[in-house]
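Q: Sharing a model prediction with you, sequence too.
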Amino acid sequence: MQRIFDYSARADPYPLYAELRRTPVARQEDGSYVISAYREITDILNDPHLSSDVRNLSRPMPSVEGGATSSFIHMDLPEHDRLRRMATRHFGPPHTPGLVTGLECFLTATVRSLIDDLAGKEQIDVVDDFAFPFPVTVICHLLGVPRENEPRFHLWVNDIMNSIDYDPKTDPKEKLDKGVQARKDLRQCLGELVEQRHGRPGDDLLSRLANDDGPDGQMADADIVATAKLLLIAGHETIVNLITNGMLTLLRHPQVLQRLRDEPDLVVPLVEELLRYEPPVQIIPWRAAYSDITVADTVIPKGSQIMLMLASGSRDPKRFHEPDRFDPDRRDNQHLGFGSGIHLCFGGPLARRETQIALTELVRRLDRPRLVADPPPYRPSPVLRGPIHLDIEQGDG
Ligand code: HEM
């Protein structure tokens with residue numbers, strides 16, 4: 001397992017995944033299990049005996065939340081379903097004529113304005129100049145965060161993301177402390193916003209949740225805050241990485257980039273293929289078994305930590321023809337980019353649309369873009385994997 005965390009595998013972890021798949025269910029020295037093949041991963045994600053609640057691990061993991069209410073990504077049935085349903089009701093089709101369908105113009109205008117600022121620059125960093133500011137602006141808009149608070153949200157999300165990448169061997173502890181403080185400040189600010197929204201129905205997500213009188217009743221304020229924080233975190237670095245991995249992959253496949261310019265509709269299957277070929281969430285770091293379970297003839301004891309190698313499953317040759325080939329024309333592309341089962345990403349429709357618009361506009365507007373370094377430098381995390389910077393030159397450069 002150490003090799004999964006080893007930074008030297010970050011730029012290209014796929015040969016390592018191919019090795020792991022020779023033992024699809026592998027017990028590690030510390031008693032945890034690494035699952036690396038498509039079928040076994042989907043079986044586990046759809047198994048009702050698996051828990052997403054850290055308290056069901058026999059060796060509980062440290063929490064950075066300081067005792068705050070958990071969000072539903074860390075809950076099991078029935079509470080998970082109730083809270084997820086209450087949030088999803090407002091989130092978008094097929095549940096409501098909701099917030100996501102109404103976002104199309106906002107997404108396009110935000111992307112265009114960010115790209116306007118890049119015009120004429122000979123060198124740009126796709127991460128800092130574009131991919132980072134875009135999704136946090138979108139979630140703030142969706143939640144209804146007042147514009148004057150937005151810069152603080154950008155800073156908090158930045159500090160939280162840096163703390164997720166914290167490496168005790170190389171990083172100053174300050175990086176972790178800043179993340180803990182940012183989570184606290186973010187919770188407090190969201191709490192104040194939720195209080196203000198009570199009795200004031202509006203069209204943003206915080207107002208809708210604070211005034212909901214749907215079939216599941218009213219969400220408690222602490223759950224609204226935890227849900228909003230989950231959306232900010234789950235819906236940010238994932239999209240930053242998908243857009244950045246997308247630009248990198250297109251620049252490595254210039255004929256596909258040219259095709260996307262000529263046939264903008266290609267972007268729909270192209271983003272699906274990116275979610276399979278270079279997914280932002282490479283690993284679900286843990287599930288816990290409620291009871292002993294058997295997977296591929298191996299008994300996994302109750303309470304064991306189970307690590308699911310999503311990105312390895314999506315490159316499994318038993319499931320995908322020529323899995324190491326980037327092929328936007330691929331059919332039957334049931335990748336694991338958004339997970340599977342009851343915790344399947346509910347931000348999928350938004351994530352897809354944001355990335356489709358971003359990549360279409362970037363390839364349309366950038367002038368003969370070229371990579372400055374290949375591979376680019378990567379973030380430390382093997383879980384949420386993506387370049388920390390992606391420098392590209394354009395024009396006559
Ligand atoms: C869950 C991936 C964007 C909200 C998940 C899971 C994955 C994932 C793999 C499953 C986690 C698990 O089973 O433990 C991604 C990727 C994204 C993305 C690759 C972008 C490319 C978003 C966005 C939002 C979002 C934009 C919201 C605005 C959530 C939530 C969950 C989740 C709330 C938890 C669902 C549950 O526990 O029922 N995501 N996500 N995600 N995602 Fe996403």
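A: Alright, I've got the coordinates.
Q: which residues touch the nearest residue to Arg379 once chain neighbours are set aside?
A: In this structure, Arg379 finds its nearest non-sequential neighbour in Ile388, 4.8 Å apart by CB to CB, 6 or more residues apart in numbering. The C-beta positions use only the backbone N, C-alpha and C, and glycine is treated the same way. Under the criterion of CB atoms under 8 Å, 6 or more residues apart in numbering, the contact partners of Ile388 comprise Val127, Pro376, Pro377, Tyr378, Arg379.
Q: Give me the neighbour count for the residue of the stretch 1-150 of the chain found nearest the ligand.
A: Taking CB to the nearest ligand atom, the ligand has its nearest neighbour within the stretch 1-150 of the chain at Ile73, 3.8 Å off. The local packing of Ile73 (other CB atoms under 10 Å) involves 17 other residues.
Q: So Glu354 sits against His236, correct?
A: No. Contact criterion CB atoms under 8 Å: Glu354 and His236 do not qualify, at 10.7 Å.
Q: Which of those two has more residues huddled nearby?
A: A side-by-side neighbour count of Glu354 and His236, using other CB under 10 Å, places Glu354 first with 26 against 23.
Q: mind checking pLDDT for the most centrally placed residue in the chain?
A: Per CA atoms, centre = their mean, the C-alpha nearest to the average position across the chain is that of Thr238, at 2.9 Å. With respect to pLDDT, Thr238 scores 96.
Q: That one is in contact with Leu350, isn't it?
A: No. Between Thr238 and Leu350 there is no contact, the gap being 10.6 Å when judged by CB under 8 Å.
Q: quick one, what contacts the closest residue to Asn46 other than its chain neighbours?
A: Closest residue in space to Asn46, ignoring its immediate chain neighbours: Gly341 at 4.4 Å, by CB to CB, 6+ apart. Residues counted as contacts of Gly341 (CB under 8 Å, 6+ apart) are Leu45, Asn46, Asp47.
Q: So which of those sit within helices?
A: Among these, the members found in helices (DSSP state H) are Leu45.
Q: Neighbour-wise, which one of the contacts of Gly341 leads?
A: Within the contacts of Gly341, neighbour counts (other CB under 10 Å) peak at Leu45, which reaches 21 neighbours.
Q: pretty sure it is in contact with Leu308, am I right?
A: Yes. Applying CB under 8 Å, one finds Leu45 in contact with Leu308, separated by 6.8 Å.
Q: any shared contact partners between those two?
A: Joint contacts of Leu45 and Leu308 (CB under 8 Å, 6+ apart) are Ile284, Arg287.
Q: Give me the contacts around stretch 51-71.
A: With contact meaning CB under 8 Å, 6+ apart, stretch 51-71 is reached by 31, 73-76, 80, 83, 163, 176, 179-180, 183-184, 187, 222-223, 225-227, 229-230, 286-290, 302-305, 343.
Q: Please repeat the previous calculation with a cut-off of 7 Å.
A: With contact meaning CB atoms under 7 Å, 6 or more residues apart in numbering, stretch 51-71 is reached by 73-76, 179-180, 183-184, 187, 222-223, 226-227, 229-230, 286-288, 290, 303, 305, 343.
Q: Check stretch 239-248 too.
A: 126-127, 131-132, 135, 274, 278, 280, 351, 354-355, 358-359, 362, 376, 384-387, 390.
Q: For Gln218, grab phi and psi.
A: phi -100, psi 140 (degrees, to the nearest 10).
Q: what residues does the chain put near the ligand?
A: Counting by CB under 6 Å from any ligand atom, the residues of the chain close to the ligand are 52, 72-73, 84, 139, 230-231, 234-235, 238-239, 242, 279-281, 284, 337-339, 343, 345-347, 350-351.
Q: Where helices are concerned, which of those residues count?
A: Counting by DSSP H, those place Arg84, Ile139, Leu230, Leu231, Ala234, Thr238, Ile239, Leu242, Leu350, Ala351 in helices.
Q: Format the residues you listed as a markdown table; extra columns: distance to Leu57.
A: Below are those laid out as a markdown table (distance: CB to CB, whole Å):
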| residue | distance to Leu57 |
| --- | --- |
| Arg84 | 22 |
| Ile139 | 30 |
| Leu230 | 20 |
| Leu231 | 25 |
| Ala234 | 21 |
| Thr238 | 24 |
| Ile239 | 29 |
| Leu242 | 29 |
| Leu350 | 31 |
| Ala351 | 28 |
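Q: Can you pick out the most distant pair from those residues?
A: Arg84 and Leu242 (22.1 Å; CB to CB).
Q: So for those two, which residue has more residues nearby?
A: Per other CB under 10 Å, whichever of Arg84 and Leu242 has more neighbours is Leu242, with 27 against 20.
Q: Does Gln28 touch Val34 like I think?
A: Yes. Assessed by CB atoms under 7 Å, Gln28 is found in contact with Val34 at 6.2 Å.
Q: which one of those two has more residues nearby?
A: More crowded of Gln28 and Val34, by other CB under 10 Å: Val34, with 20 against 14.
Q: Next, give phi and psi for the more buried one.
A: phi -110, psi 120.
Q: Tell me which stretches of the stretch 151-300 of the chain form helices.
A: For the stretch 151-300 of the chain, applying DSSP state H, counting those that start in this stretch gives helices covering 173-197, 205-210, 221-234, 237-252, 254-262, 267-277.
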